[in-house]
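Enquirer: Would you be able to build a 3D model of this:
(chains A and B)
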Amino acid sequence: MVGRLQRWWRKARAVFSIYFQDSLAYRAQAFIWILTDVVPALVMPLVWLSAYGGRAQIGGYTPGDMVLYYLCMVTFTNFVVAHMMWDVATEIKEGQFSVYLVRPFSYFQTTFIRNLAWRVFRLVVFVPMLAIGVWIYAPYLSDTRFEWGLTFWLSLVLGHVVSFMLSYALGLLALFFQEVFSVYNIYYIPMLFLSGQLVPISVFPDWLQAVSRYLPFQYTVALPTEIFMGRVPETLAWQGIGMQLAWTLSLYFLSRVFWRRGLLYYTGVGM
Amino acid sequence: MRRYWRLYRVFWRNGFRRELEFRANFWAKVITNFAWLFFFIALVEVIYARTDAIAGWSRNDAFLLVATCYWMSAIASITFFRNLGMLPSLIRLGTFDFVVVKPVSSLFWVSFRFVNMDEIGTLLGSFAMLGYAVAQMRPLPDAVQVVEYFVLCFSGLTMYYSLYLLTMTLSFWLVRVDNLSALIDTILYMARFPTDIFRGVLQRILTFIIPLAFIATIPSKAMLGRMEWWLLPVGVGLATIFLVSAVTFWRFATRHYSSASS
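Expert: Just a heads-up that it's a prediction; the model follows:
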């Protein structure tokens, strides 16, 4: 048992280091991808700050909270939000997918670690950008008491997992359908909206907040961000973590089904 | 010039035919792009449900701004956006060789070869939105405001093209960076917000250096009758300067092009 675990760990580390180096090789590209996430998130506080017009709060956020929300959210986004479906679908369409089928390390695990390596890399590249963000918005940051206990770390890690599982399941859709890219493109609309990446969930009208509670999106970035800012009472935080676990498991089983059914359809282009 | 006009008409016919060949795919793309227009309308609605003005822009003003930004970006992607976006791979794979030897201006070919029809829905949708926003204005804009609006939109599009060309031309040197176009996409995303939300130095940078303000904010202000008159000549002047420098840089870059394959 210990021997197997050790061997697994060696393999996992090797895969991690391959993909980490891969990210390094394309660092200029990586930098641009990060900018495309970071710039809109750093502009949104300015939009809100111009919208207060003397109001003390919007959706329960004071101007200072609002700025802080975006700074925290964009930091966690780097680690949490996965976009693996594009890679998975491209590999399936172009046939490189076949190679993974014969390797002694499952495709699921490879993809998971590959995403993790890329996320860790992004977090490192992001640090100087965060410093600039904090410097620009320094006048607004006063109340910075953070909640970084167990619930925060759990929700952050599980947020990463939920987002990965979503993107992995979506990626496997390419086993069944030729034209999945349009589906992915549409997927981003509810995803961006309801994950808290665009605006905090609590500025939405009540009905939308209610709908959002039953969807996986807010359990990716919004939950860890709100817990970190101390906006979620203990019991609700645990409830959120429960939802994260539930989504992880159901998406895992869904992707298992996709995998088993899908392989029957897979033709292995280019073999 | 006549030759180019004739050629461009052939490109259009070609574009239509290509879309007719993959009809399901075409409609999927049209619907997707249209959905993104609604995405942004929803964002505007969410924000204005909580406030009645952002930096002096009412909800209706914001619709005008968003419509302006969307129809301009639809025109951009129908004509040049996708084409210039392919430049890095043309260079990396060495296929740019075949462009150079064609008996037309390579800049013309690289900018306009493929007419990309799938933003047609966004174009119509955003024009409808523009019409709605203008019809809601009290008082209605006079002829001068409308003319100023379109002149400034045209200058804005020219600046956008020039800025994009300047960036993509860099790929003659940065061979490994194939997502430079995502950078320009980000700029356009920011143009959907009124540049009045930026203050001080940043606002001046975004007006005169990266001409974000001229892409949508200033034309919309012209329509709303809230623009200082001198911004009109400045806009046209800046557009000319940007275009001339982009074309000059392009000429410089192509002179130093030394094929990837041979």
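Enquirer: okay, CA-based contacts and neighbour counts for the rest of this
Expert: OK.
Enquirer: interface residues of the stretch 1-150 of chain B facing chain A?
Expert: Applying CA under 8 Å from any CA of the partner chain, we find that the stretch 1-150 of chain B lies next to chain A at B:25, B:28-29, B:32, B:35-36, B:39, B:46-47, B:50-55.
Enquirer: List the buried residues for the helix or strand encompassing A:F31?
Expert: For A:F31, the element it lies in under DSSP states H and E is helix A:27-49. For helix A:27-49, burial by neighbour count (16 or more other CA atoms under 10 Å in any protein chain shown) applies to A:27-30, A:32-36, A:38-49.
Enquirer: for it, packing partners?
Expert: For helix A:27-49, the elements it packs on are helix A:63-80, helix A:107-137, helix B:180-191, judged by 3 or more CA pairs under 8 Å, 6 or more residues apart in numbering or on different chains; DSSP states H and E.
Enquirer: Of the ones you listed, which is nearest B:L107?
Expert: Counting by CA to CA, B:L107 lies closest to helix B:180-191 out of the helices and strands packed on helix A:27-49; the figure is 17.1 Å.
Enquirer: Could you confirm whether any residue of the closest one contacts chain A?
Expert: Yes - Helix B:180-191 reaches chain A (CA under 8 Å from any CA) through B:180, B:182-183, B:186, B:189-190.
Enquirer: okay, the angle between that helix and helix A:27-49?
Expert: Orientation check (axes from the mean of the first three to the mean of the last three CA atoms, to 10 degrees): helix B:180-191 against helix A:27-49 gives 0 degrees.
Enquirer: Same question for helix B:180-191: list its buried residues.
Expert: Burial within helix B:180-191, assessed by neighbour count using 16+ other CA under 10 Å, is assigned to B:180-184, B:186-191.
Enquirer: ok, then the element right after it?
Expert: Next element after helix B:180-191 (DSSP H and E): helix B:200-204.
Enquirer: Enumerate the positions of the helix or strand following that following helix that are buried.
Expert: Downstream of helix B:200-204, the first helix or strand assigned by DSSP H and E is helix B:212-215. In terms of neighbour count (16+ other CA under 10 Å), helix B:212-215 has its buried residues at B:212-215.
Enquirer: what's the answer for stretch A:92-108, then?
Expert: Counting neighbours by 16+ other CA under 10 Å, stretch A:92-108 gives A:92-93, A:95-98, A:107 as buried.
Enquirer: possible to save the residues you listed as JSON lines with distance to A:Y69 and pLDDT?
Expert: Output for these, formatted as JSON lines (distance: CA to CA, whole Å; pLDDT from 0 to 100):
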{"residue": "A:I92", "distance to A:Y69": "38", "pLDDT": "90"}
{"residue": "A:K93", "distance to A:Y69": "39", "pLDDT": "87"}
{"residue": "A:G95", "distance to A:Y69": "42", "pLDDT": "84"}
{"residue": "A:Q96", "distance to A:Y69": "40", "pLDDT": "86"}
{"residue": "A:F97", "distance to A:Y69": "39", "pLDDT": "89"}
{"residue": "A:S98", "distance to A:Y69": "43", "pLDDT": "88"}
{"residue": "A:Y107", "distance to A:Y69": "36", "pLDDT": "94"}
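Enquirer: what does the stretch 101-250 of chain A put close to chain B?
Expert: Applying CA under 8 Å from any CA, we find that the stretch 101-250 of chain A lies next to chain B at A:179, A:182, A:185-186, A:189, A:203-205.
Enquirer: try 6 Å this time
Expert: A:I186 (CA under 6 Å from any CA of the partner chain).
Enquirer: and the end-to-end length of stretch B:40-60?
Expert: Chord length of stretch B:40-60, first to last residue, is 14 Å (CA to CA, to the nearest Å).
Enquirer: Likewise for stretch B:102-118?
Expert: 27 Å.
Enquirer: Quick check, the residue in the stretch 51-200 of chain A closest to chain B?
Expert: A:A51 (4.4 Å; CA to the nearest CA).
Enquirer: Now that residue: closest residue in space, sequence neighbours ignored.
Expert: In space, A:A51 comes closest to B:I54 once its chain neighbours are excluded; the distance is 4.4 Å by CA to CA, 6 or more residues apart in numbering or on different chains.
Enquirer: can you pull the pLDDT of the one you found?
Expert: pLDDT for B:I54: 92.
Enquirer: now B:F11
Expert: pLDDT for B:F11: 92.
Enquirer: Roughly how far does it sit from B:T79?
Expert: According to CA to CA, B:F11 and B:T79 sit 10 Å apart.
Enquirer: hmm, who's touching the helix or strand bottoming out on mean pLDDT in chain A?
Expert: Lowest on mean pLDDT, DSSP states H and E among the helices and strands of chain A sits helix A:27-49, with a mean of 86. With contacts defined as CA atoms under 6 Å, 6 or more residues apart in numbering or on different chains, helix A:27-49 is touched by A:67, B:177, B:186, B:197.
Enquirer: I'd like the buried residues of helix B:180-191 written out as CSV, with pLDDT and distance to A:L215 added.
Expert: Shown next, in CSV, are those (pLDDT from 0 to 100; distance: CA to CA, whole Å):
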residue, pLDDT, distance to A:L215
B:L180, 81, 34
B:S181, 82, 32
B:A182, 83, 29
B:L183, 82, 31
B:I184, 83, 32
B:T186, 83, 28
B:I187, 79, 31
B:L188, 79, 30
B:Y189, 81, 27
B:M190, 83, 28
B:A191, 84, 31
